[in-house]
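# Sequence and predicted structure are below.
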Amino acid sequence: MKDTLFLTWQYIKFNRRRLALVVALVTIAALLPLVLDLFADEALLHLRGETRSTPADPSSYGIQEDQKLLGNTLAMMVSVVGAASLVVILCVLTLSLSTRREEMEALTRLGCSPMRVGALLSIEFVLICLTGGFFALALLLLLGEVSADLVRFFLVR
């Protein structure tokens with residue numbers, strides 16, 4: 001296992017730019033539906049006259065049909081963007097595999113077993129997804145603090 005981790009680390013050090021690009025693409029693809037969902041929730045709260053800290057007056061809970069329709073539309077948009085983001089992540093990882101075919105063949109010719117090559121790729125993909133997820137979560141937490149201001153800036157003019 002130490003050998004596999006060492007080989008993976010050496011590969012990451014050697015291909016920093018390409019891996020940084022893949023991590024950035026995974027981060028953007030993971031962040032997009034989360035941010036859209038955050039802004040959709042904030043926009044619905046704004047339309048209802050609520051904020052996250054102060055709910056609307058209990059006598060005004062008769063939500064109109066257009067607000068329900070808007071909420072359903074926003075939920076559907078978040079689902080579609082989430083599915084598209086998952087497809088993009090899978091395409092990026094598949095493209096990464098296809099561009100590394102010669103490297104995998106070279107590792108096999110040098111004596112690595114196919115199982116070891118698979119382990120190298122698995123560890124790399126897990127590290128890429130974890131790093132992209134970490135950056136997406138950090139950016140989402142940052143945007144969560146200013147989401148109400150951004151919704152007011154873009155929707156209320």
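Thanks, I have the structure now.

# show me what contacts the residue most central in space within the chain?
Central residue of the chain (C-alpha atoms, centre = their mean): Ala30, 0.8 Å from the mean position. For Ala30, the contact set (C-beta atoms under 8 Å, 6 or more residues apart in numbering) comprises 85, 89, 132-133, 136. C-beta here means a position set from N, CA and C on the backbone, and glycine is covered the same way.

# Give me the pLDDT for it.
As predicted, Ala30 sits at a pLDDT of 81.

# Of the contacts of Ala30, keep whichever come out buried.
Among the contacts of Ala30, the ones that count as buried by 16 or more other C-beta atoms under 10 Å are 85, 89, 132, 136.

# tell me which of these is nearest to Asp37?
Nearest to Asp37 among the buried ones among the contacts of Ala30: Ser85, at 11.4 Å, using C-beta to C-beta.

# if we can go back for a sec, out of the buried ones among the contacts of Ala30, which are inside helices?
If you go by DSSP state H, the buried ones among the contacts of Ala30 have 85, 89, 132, 136 in helices.

# Please give me every residue in contact with the residue nearest to the second one when sequence neighbours are not counted.
In this structure, Ile89 finds its nearest non-sequential neighbour in Ala29, 4.9 Å apart by C-beta to C-beta, 6 or more residues apart in numbering. Neighbour list for Ala29: 85-86, 88-89, 92, 132 [criterion: C-beta under 8 Å, 6+ apart].

# Same list, these, but as JSON lines with pLDDT and distance to Pro114 please.
Shown next, in JSON lines, are the contacts of Ala29 (pLDDT from 0 to 100; distance: C-beta to C-beta, whole Å):
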{"residue": "Ser85", "pLDDT": "82", "distance to Pro114": "31"}
{"residue": "Leu86", "pLDDT": "83", "distance to Pro114": "28"}
{"residue": "Val88", "pLDDT": "83", "distance to Pro114": "28"}
{"residue": "Ile89", "pLDDT": "81", "distance to Pro114": "25"}
{"residue": "Val92", "pLDDT": "80", "distance to Pro114": "23"}
{"residue": "Gly132", "pLDDT": "86", "distance to Pro114": "27"}
